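*Asks:* what's the 3D shape of this:
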Amino acid sequence: MPKIVRIRPVLLSAPYAEGDADANMEVRLHLPSGLRTTGLVEITLDNGVVGLGEGYLAVFAPHVFTAITNLIAPLLIGRDPQDVETLFREMVTLTGYWSYQGAARHVVSACEIALQDCRAQMLGVPLWQALGGQKNQPLPAYASGGDSITPAHMQRELEQIAQLGIKTFKIRARKNLVDKVLWCQREGARSNIAIAVDMTQNLVVPSQTMEDVLTFLQPIREGGGNPLAFVEEVLGPDQIEHLPELRRRTDIPVAGGEIVTTEDELRARVLAGYYGIVQPDATVIGGINSVRRVFAAAGEAGSRVYVHCWGGAVGMMANYHVALACGGEQVEWPLPRYDLREALFAKPLQPVNGQIQLADAPGLGVRLTNAVEKEFPFREEAVYRCLVDPALIPTVSWKI
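*Replies:* Numbering: from 1, shown residues only. You can find the predicted model right below:
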């Protein structure tokens, strides 16, 4: 029986979206250093197998990610990595009293993903096959970005999407940015690219209301030409119970769920009719098996599943493998440049004709080398700031 002999948290930082605060709103508001951090958990077995996992927490609180990983590590040392479910339950018990939802679940996610990577490598098959997938079919992708500050920079994003053959582009726009949406719809239509909108209300309190959303959607429906592909994260925690009613009052698919950190909560939302499209993330919700169970709930409720993939390479591959195994309809492809992401793929990965084809190599298809760690050392200033300074938000004209 193989045993776990080492657990290592790894923090890596790299320039993000060219580090250009004049071009990218996310950099200007949230990443003033121009750098972004990825947090990995590396699990080493006594037979030499090394598995990698990722937790989204490290983007925001890297040292918290490291501390919780080190707290969990003694539980896993000497254990059988193939007993993923037992180890998952014990990690949840270890951290649940003080972080059943939130930070610790991100780290549990990273550990669970690393265990799954180890298990698939020991079986000698790609993870999607270890999860029960029958055929390596290409995954249709939608492009995720749309945080450009000016129309000229947004046009570059649209050109990049067209080159990738992707036909849906998710942009970020709040209720006061109707003109931005209309501009993107008009320009996207030139390349047959549909627009989706992330309203970024994930954890905003006080949130915009259901009536705010409907008011936002009306002029877009009337003047945007092609209908929106979907709207995402439209209500914050104080308004979330209104999502089923919102879905009854619009025919535009309502998406969300990326920030939910337990499968029980997300499954309950799905079964209660909150989402037409549910967006679980293995780096947040507890790992790969938790996403599989969300897929099962979505099948019962008649909802679609578009896995959320805004992390690094390890998190993306974890979500892509589970999507392939469970019949996911679309997956998210993040547009902003992040060289660390490409450095961790075992083989280059990029959409071709709008689709992503996973390799058949054992495990996740990621690797961490000494050269990568040397090239992308952790930087203390590479921390995502969630509190936005309104003075940094520029006034931009999107008038057609």
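
*Asks:* name the SS class of the residue positioned nearest the centre of the chain, please.
*Replies:* Nearest to the mean C-alpha position of the chain, by Cα atoms, centre = their mean, lies Cys309 at 2.7 Å. Secondary structure of Cys309, reduced to three states by DSSP: H, G, I helix; E, B strand; the rest coil: coil.

*Asks:* quick one: residues contacting it.
*Replies:* Shown in contact with Cys309 (Cβ atoms under 8 Å, 6 or more residues apart in numbering): Ser144, Asp281, Gly315, Met316, Asn319, Tyr320, Val331, Glu332, Trp333, Pro334. C-betas here are computed from N, CA, C, even on glycine.

*Asks:* pretty sure the third one sits in a strand.
*Replies:* In this case it means Gly315. No. Looking at Gly315 with three-state DSSP, it is helix, so not inside a strand.

*Asks:* now do the contacts for it.
*Replies:* Contacts of Gly315 (Cβ under 8 Å, 6+ apart): Glu54, Tyr56, Ile113, Asp281, Ala282, Thr283, Cys309.

*Asks:* now the last one: how far from Glu85?
*Replies:* With distances defined as Cβ to Cβ, to the nearest Å, the gap from Cys309 to Glu85 amounts to 24 Å.

*Asks:* where does the stretch 51-200 of the chain have low pLDDT?
*Replies:* Nowhere does the stretch 51-200 of the chain drop to pLDDT under 70.

*Asks:* ok, which stretches of it are strands?
*Replies:* Taking DSSP state E, counting those that start in this stretch as the test, the strands found in the stretch 51-200 of the chain are 139-144, 168-172, 194-198.

*Asks:* among the ones you listed, which is the most enclosed?
*Replies:* Neighbour counts (mean count of other Cβ atoms under 10 Å) averaged over each of the strands of the stretch 51-200 of the chain peak at strand 194-198, with a mean of 25.

*Asks:* need the next SSE after that strand, C-terminal direction.
*Replies:* Per DSSP states H and E, strand 194-198 leads on to helix 210-223 as the next helix or strand towards the C-terminus.

*Asks:* tell me the gap between that following helix and the middle of its chain.
*Replies:* Distance of helix 210-223 from the chain centroid (Cα atoms, centre = their mean, to the nearest Å) equals 26 Å.

*Asks:* kindly provide the whole-number mean pLDDT of the following helix or strand past that helix.
*Replies:* Note on helix 210-223: by DSSP H and E, the next helix or strand toward the C-terminus is strand 231-232. On average, the pLDDT along strand 231-232 is 97.

*Asks:* and the next helix or strand after strand 231-232, which residues are buried?
*Replies:* Next helix or strand after strand 231-232 toward the C-terminus (DSSP H and E): helix 243-249. For helix 243-249, a neighbour-count test (16 or more other Cβ atoms under 10 Å) marks Leu243, Leu246, Arg247 as buried.

*Asks:* dump the residues you listed to CSV, plus pLDDT and distance to Arg6.
*Replies:* Shown next, in CSV, are the buried residues of helix 243-249 (pLDDT from 0 to 100; distance: Cβ to Cβ, whole Å):
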residue, pLDDT, distance to Arg6
Leu243, 97, 43
Leu246, 97, 48
Arg247, 97, 47
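
*Asks:* ok, so of these, who is nearest Cys184?
*Replies:* Taking Cβ to Cβ as the measure, Cys184 lies nearest Leu246 of those, at 22.0 Å.

*Asks:* just give the closest residue to that closest one, not the sequence neighbours.
*Replies:* Sequence neighbours aside, Met210 is the residue nearest to Leu246 in space, at 4.9 Å (criterion: Cβ to Cβ, 6 or more residues apart in numbering).

*Asks:* partner strands of the strand or helix carrying Val305, with direction?
*Replies:* Under DSSP H and E, the secondary-structure element containing Val305 is strand 304-307. Partners of strand 304-307 in the sheet, by DSSP bridges, are strand 277-278 (parallel), strand 330-334 (parallel).

*Asks:* measure the closest residue in space to Met316 that isn't next to it in sequence to Trp333 for me?
*Replies:* Leaving aside its chain neighbours, Met316 sits nearest to Cys309 (4.6 Å; criterion: Cβ to Cβ, 6+ apart). According to Cβ to Cβ, Cys309 stands 7 Å off from Trp333.

*Asks:* cool, Pro2 as well?
*Replies:* Look at Pro2 and Trp333: by Cβ to Cβ, they are 34 Å apart.

*Asks:* more neighbours, the two?
*Replies:* Counted by other Cβ atoms under 10 Å, Pro2 and Trp333 do not tie: Trp333 has more neighbours, with 26 against 16.

*Asks:* from Gly286, how far out is the more buried one?
*Replies:* Remark: distance between Trp333 and Gly286 (Cβ to Cβ) = 23 Å.

*Asks:* equivalent analysis for Glu42, please.
*Replies:* As for Glu42, its distance to Gly286 is 19 Å (criterion: Cβ to Cβ).

*Asks:* what does Tyr97 give?
*Replies:* Distance from Tyr97 to Gly286, by Cβ to Cβ: 16 Å.

*Asks:* state whether Glu42 is indeed within a strand.
*Replies:* Yes. Assignment of Glu42 by three-state DSSP places it within a strand.

*Asks:* what number of residues lie near the closest residue to it other than its chain neighbours?
*Replies:* Excluding the flanking residues, the one nearest Glu42 by Cβ to Cβ, 6+ apart is Arg8, at 4.4 Å. Each residue near Arg8 was counted by other Cβ under 10 Å, and the total is 16.
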